[in-house]
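Visitor: Sequence first, then the predicted structure, then my questions.
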Amino acid sequence: MALKFAANLNFLFTEKASSIVERICLAHQHGFRAVELTCPEDETKRQKVLATIEDTGIAVSLVNLATDRTKDELKWGSTGIPGAEKLFQQQLKSTIEFAKAAKCQKIHLMSGLLTDNEIECDYNRTYLANLKLAADKLRSSNMIGLVEPINPYYVPKYYMDSYVKAREMLESVQCDNIKLLVDLYHLQSLKGNVTRSLEEYGKQIGHFQIAQVPNRNEPDTTGELDYAYIFQIIQEFGYTDWIGCEYKPKTTTVEGLNWLQKFGFKL
Ligand SMILES: O=C(O)C(=O)CO
């Protein structure tokens, strides 16, 4: 079964367009059939993005939780932030409504950043409580929530920074619609051991994203990961949903797309 790839619009086409609406159009123009994006922070922007999604017919394979970009600890999400529970509930509600309108069934529950004025056990308690709440809300919309460990080299002080922590949370929450988002860039940066990790995580995995390590460029660029092998094990793993291209183009997005042909894929 050929793998299929979606454009993560927080990374692709950013060199050509500042707005998500323009990036959706560029992704569609250059052959992508699906995109990943962050839920816009206000209703007007959400409606414009939904209208463009409808006009282009492009699919939405993943929506990142809406974020409050005015505060450092919240611009990378609110799921784990003590004292931001009400904000998380509002952002979850608007993100679920947006994802439903976009016919997307996956929401990345971004955790937020650790700050000096809270202790980690408060984050753990907040994150677990919010995951349980999200699981119920998502289930009634036939959606899954995704937990993604993100490495500290890329996002210093990000709360969800470990696969051990992520899997402890999945074990605690015990909900089959809360799953792991395995970004191979973060997996290799955080722990390596890719083959055995994917075997170990198995059905806990709800989504994949790709980029090379350590520079987070296209999969065919020089780096630690042999993507010819990785694509083979993802196929053997039986994953048939969209894979997010969450990489920084080494030159331009369009020039960088030739990796697809090199690995025998097409958009
Ligand atoms: O950097 C990442 O991997 C993220 O998911 C943040 O958007």
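Guide: Received, thanks. Residues are numbered from 1 along each chain as shown.

Visitor: From now on I want contacts and neighbour counts done on CA atoms only, so please keep to that.
Guide: OK.

Visitor: Show me where the stretch 101-250 of the chain has its strands.
Guide: Residue ranges of the strands in the stretch 101-250 of the chain, as given by DSSP state E, counting those that start in this stretch, are 106-108, 144-147, 178-183, 205-210, 242-245.

Visitor: Only the buried residues of stretch 2-11, if you could.
Guide: 3, 4, 5, 6, 7, 8, 9, 10, 11 (16 or more other CA atoms under 10 Å).

Visitor: Also stretch 213-227?
Guide: By 16+ other CA under 10 Å, the buried positions in stretch 213-227 come out as 213, 214, 215, 216, 217, 218, 219, 220, 221, 223, 225, 227.

Visitor: Same question for stretch 229-247.
Guide: 230, 233, 234, 239, 242, 243, 244, 245, 246, 247.

Visitor: Give the rounded mean pLDDT of that stretch.
Guide: Averaged across stretch 229-247, pLDDT comes to 96.

Visitor: would you put the C-alpha positions of it in PDB?
Guide: Taking C-alpha atoms only, stretch 229-247 is exported to PDB below (Å, rounded to 0.1, in the frame of the first residue of the first chain):
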ATOM      1  CA  TYR A 229      14.100   1.900   5.500                       C
ATOM      2  CA  ILE A 230      11.700   3.900   7.700                       C
ATOM      3  CA  PHE A 231       9.100   4.100   5.000                       C
ATOM      4  CA  GLN A 232       9.400   0.400   4.600                       C
ATOM      5  CA  ILE A 233       8.700  -0.300   8.300                       C
ATOM      6  CA  ILE A 234       5.800   2.200   8.300                       C
ATOM      7  CA  GLN A 235       4.300   0.200   5.400                       C
ATOM      8  CA  GLU A 236       5.000  -3.100   7.200                       C
ATOM      9  CA  PHE A 237       3.400  -1.500  10.300                       C
ATOM     10  CA  GLY A 238       0.200  -1.300   8.300                       C
ATOM     11  CA  TYR A 239      -0.300   2.500   8.800                       C
ATOM     12  CA  THR A 240      -2.500   3.700   5.900                       C
ATOM     13  CA  ASP A 241      -3.500   7.200   7.000                       C
ATOM     14  CA  TRP A 242      -1.800  10.500   6.000                       C
ATOM     15  CA  ILE A 243       1.800  11.100   7.100                       C
ATOM     16  CA  GLY A 244       2.600  14.700   7.900                       C
ATOM     17  CA  CYS A 245       5.500  16.400   6.100                       C
ATOM     18  CA  GLU A 246       6.600  18.600   9.100                       C
ATOM     19  CA  TYR A 247      10.100  19.600   7.800                       C
END
